[in-house]
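Peer 1: what follows is a predicted protein model with its sequence.
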Amino acid sequence: NPDNKMGVFILGSIFLATTGAEALYSDMGHVGKKNIHFSWPYVLVCLMLNYAGQAAWILHAKGDVSIEAIENLNPFFQILPDGWMIFGVAFATVAAVIASQALISGSFTLVSEAIKLKLLPRMRIIYPGKSIGQMYIPAINLILWAACSVIVLTFRTSSHMEAAYGLSITVTMLMTTFLLYHYLLQNGTSKIVATLMLVFFGVLEGFFFISSVTKFFHGGFVAVAMAVIILGVMYIWHRSNRVQENAGQDVNLRDYLPQLKELREDDTIPYYQTNVVFLVPRLEGDNIPQQFVYSILDKRLKRAKVYWFVNVEVTDEPYTEEYSIDMMETDFVVKVKLYLGFRIAQDVNVYLRQIIHDLMKQERLPKQPQHYSLTPGRQVGDFRFVMIQEELSNVTKVDKWDRQVMQARLAIKHHTVAPERWFGIEYSEVTYETVPLIVGETRKTWLKERKI
């Protein structure tokens, strides 16, 4: 066509006609595959008839001066008879509500999974229904409201938002194709078949991506800016976790068993609690972060009948509910590793109640009879959860960039959900202790005595 000077870039003008399929991935997690399989053929037929009807009307109306003079011409509404306009507006409104619901539910699901995979800070999650997939995250809802309000006030019309929306969708489709390619390879699919799939969809989506990039300065930069902010937070969280794991100071818990046993049996020291629970970020072998042993022995002495060290590991499977136990040949130290799927609520208090009953039935833990209790014959004592709050120490030697990352992490943590809400222990005895976060080597300081 001699009028098409830009060639492939015109695809950006009609790309939005292809969108909608990406929302299926979000909806599938909420309504199930069967509902999608049943409803999608009907939706597809309706869409094809709608787009074909609009195309036929445009071809028929070409050259009509009265129609071409209409400002902001919208074929969808223009083809409707005057008496049907109200129904068209109603259908368009319902479609907008459905599309917004897909955005909201998809955001909640992705953020929830990212939190449990340690890619985002913890946030409060509410489960209003019986299904774990039905969730509500107040912080994300507030962010979506603020962002949508700003975008609507800035762009004002949907036509101005096409560039931002189109660019984000093309990137989403390309990422989905690459993820599907790696998924097929991991599941033993022939590399030839996986590559053919990648090339076929990659070429189609690549053309749309190129056509959308040309509109970067016409609004596409908004979507890129939002993605950069989210990726920035994810990088900070991921990088800071790596820094702590690589440079954190661990001690061998087995070396301190004699002291823990002696403290447990020392009648001159009052009981701090029957069961003292520490939620540790890592639990590999007999090693644990030093601050937890420091809390028991060097801060306020914590005499207890049982010391619990609990670690939650989020698995790649959505509904895993398993645990492992290591009591280190004692009856007063219990290391618990909870294996929970990324869609399972981390109700640590509930899980520990089950585990302690199991250990008592197996006679691996002595019973803890309670003389004063609302429950006659109660055999399980009280619990206290000790939460360690970390503040980056000024005497620690750390790379400048990593220091900035760690400072950013601590700043973000002040605005996220309290740990007791996340771990389901908000109705339990919870004590906070602040310890210095020392990453790497410490800086030595020496004072000289001034002679007076």
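Peer 2: Perfect, I can see it now. From a predicted model like this one, the values you see are computed outputs, not experimental measurements.
Peer 1: list the contacts of stretch 369-381.
Peer 2: With C-beta atoms under 8 Å, 6 or more residues apart in numbering as the test, stretch 369-381 has contacts from 273-275, 305, 353, 356-357, 360, 367-368, 382. In this view, the C-beta of every residue, glycine as well, is placed from N, C-alpha and C.
Peer 1: centroid-nearest residue for the protein?
Peer 2: Closest residue to the average C-alpha location of the chain: residue 114 at 2.3 Å, with C-alpha atoms, centre = their mean.
Peer 1: can you tell me the helix or strand for that one?
Peer 2: Assessed by DSSP states H and E, residue 114 sits inside helix 85-116.
Peer 1: quick one: the next helix or strand after that helix to helix 85-116, angle?
Peer 2: For helix 85-116, the following helix or strand on the C-terminal side (DSSP H and E) is helix 138-155. In terms of direction (axes from the mean of the first three to the mean of the last three C-alpha atoms, to 10 degrees), helix 138-155 departs from helix 85-116 by 130 degrees.
Peer 1: for the following helix or strand past helix 138-155, which helices and strands make contact with it?
Peer 2: Remark: after helix 138-155, the chain's next helix or strand is helix 158-186, criterion DSSP H and E. Judged by 3 or more C-beta pairs under 8 Å, 6 or more residues apart in numbering; DSSP states H and E, the packing partners of helix 158-186 are helix 138-155, helix 191-213, helix 220-247.
Peer 1: quick one: closest of those helices to residue 55.
Peer 2: Closest to residue 55 of the helices and strands packed on helix 158-186 is helix 191-213 (C-beta to C-beta; 18.8 Å).
Peer 1: now do that closest one, average pLDDT.
Peer 2: Helix 191-213 comes out with an average pLDDT of 85.
Peer 1: look up the pLDDT of the residue nearest to the centre of the chain for me, please.
Peer 2: Value listed for residue 114 in the pLDDT field: 87.
Peer 1: list the contacts for it?
Peer 2: Per C-beta under 8 Å, 6+ apart, neighbours of residue 114: 120, 234.
Peer 1: so how far is residue 145 from it?
Peer 2: 20 Å (C-beta to C-beta, to the nearest Å).
Peer 1: could you do residue 56 as well?
Peer 2: Distance from residue 56 to residue 145, by C-beta to C-beta: 40 Å.
Peer 1: with residue 184 instead?
Peer 2: Residue 184 is 38 Å from residue 145, by C-beta to C-beta.
Peer 1: swap in residue 264?
Peer 2: As judged by C-beta to C-beta, residue 264 and residue 145 stand 52 Å apart.
Peer 1: more neighbours: the two, which one.
Peer 2: For residue 264 and residue 145, the more surrounded residue by other C-beta atoms under 10 Å is residue 264, and the numbers stand at 18 against 11.
Peer 1: wait, doesn't the more buried one sit right on residue 302?
Peer 2: No. Contact status for residue 264 versus residue 302: not in contact, 10.0 Å apart, counting by C-beta atoms under 8 Å.
Peer 1: ok, now which ones touch residue 154?
Peer 2: Contacts of residue 154 (C-beta under 8 Å, 6+ apart): residue 222.
Peer 1: neighbouring contacts of stretch 414-432?
Peer 2: Contact partners of stretch 414-432, identified using C-beta under 8 Å, 6+ apart, comprise 121-124, 139, 273, 279, 312, 345-350, 382-387, 389.
Peer 1: any idea whether residue 434 is helix, strand or coil?
Peer 2: Look at residue 434: counting by DSSP: H, G, I helix; E, B strand; the rest coil, its state is strand.
Peer 1: count the neighbours of the spatially closest residue to it that is not a sequence neighbour for me.
Peer 2: Spatial nearest neighbour of residue 434, excluding adjacent residues (C-beta to C-beta, 6 or more residues apart in numbering): residue 389 at 4.8 Å. By other C-beta under 10 Å, the residues close to residue 389 number 13.
Peer 1: quick one: low-confidence parts of the stretch 51-200 of the chain?
Peer 2: 129-133, 158-160, 162-164 (pLDDT under 70).
Peer 1: what about 90?
Peer 2: 51-52, 54-55, 57-89, 91-140, 144, 147-177, 187-190, 200 (pLDDT under 90).
Peer 1: again, but for the stretch 351-452 of the chain
Peer 2: 353, 368-382, 387-452.
Peer 1: give me the pLDDT for residue 31.
Peer 2: pLDDT, read off for residue 31, is 68.
Peer 1: revised request: answer the last question for residue 12.
Peer 2: Model confidence at residue 12 (pLDDT) stands at 55.
Peer 1: over to the one 3 residues further on?
Peer 2: The model reports residue 15 with a pLDDT of 60.
Peer 1: quick one, what contacts the closest residue to residue 364 other than its chain neighbours?
Peer 2: Closest residue to residue 364 apart from its sequence neighbours, by C-beta to C-beta, 6+ apart: residue 327 at 6.3 Å. Residue 327 makes contacts with 333-335, 364-365, as judged by C-beta under 8 Å, 6+ apart.
Peer 1: next SSE downstream of the one helix or strand residue 385 maps to?
Peer 2: Using DSSP H and E, residue 385 sits within strand 383-392. Next helix or strand after strand 383-392 toward the C-terminus (DSSP H and E): helix 400-413.
Peer 1: send the alpha carbons of that next one over as CSV?
Peer 2: Extracted in CSV, the C-alpha atoms of helix 400-413 (Å, rounded to 0.1, in the frame of the first residue of the first chain):
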residue,chain,number,x,y,z
LYS,A,400,29.3,0.3,49.1
TRP,A,401,26.7,-1.0,46.7
ASP,A,402,25.7,-3.9,48.9
ARG,A,403,25.5,-1.5,51.9
GLN,A,404,23.0,0.6,49.9
VAL,A,405,21.1,-2.5,49.0
MET,A,406,20.9,-3.6,52.6
GLN,A,407,19.9,-0.1,53.8
ALA,A,408,17.1,-0.1,51.1
ARG,A,409,15.9,-3.5,52.3
LEU,A,410,15.7,-2.4,55.9
ALA,A,411,13.9,0.8,54.9
ILE,A,412,11.3,-1.2,52.9
LYS,A,413,10.8,-3.7,55.8
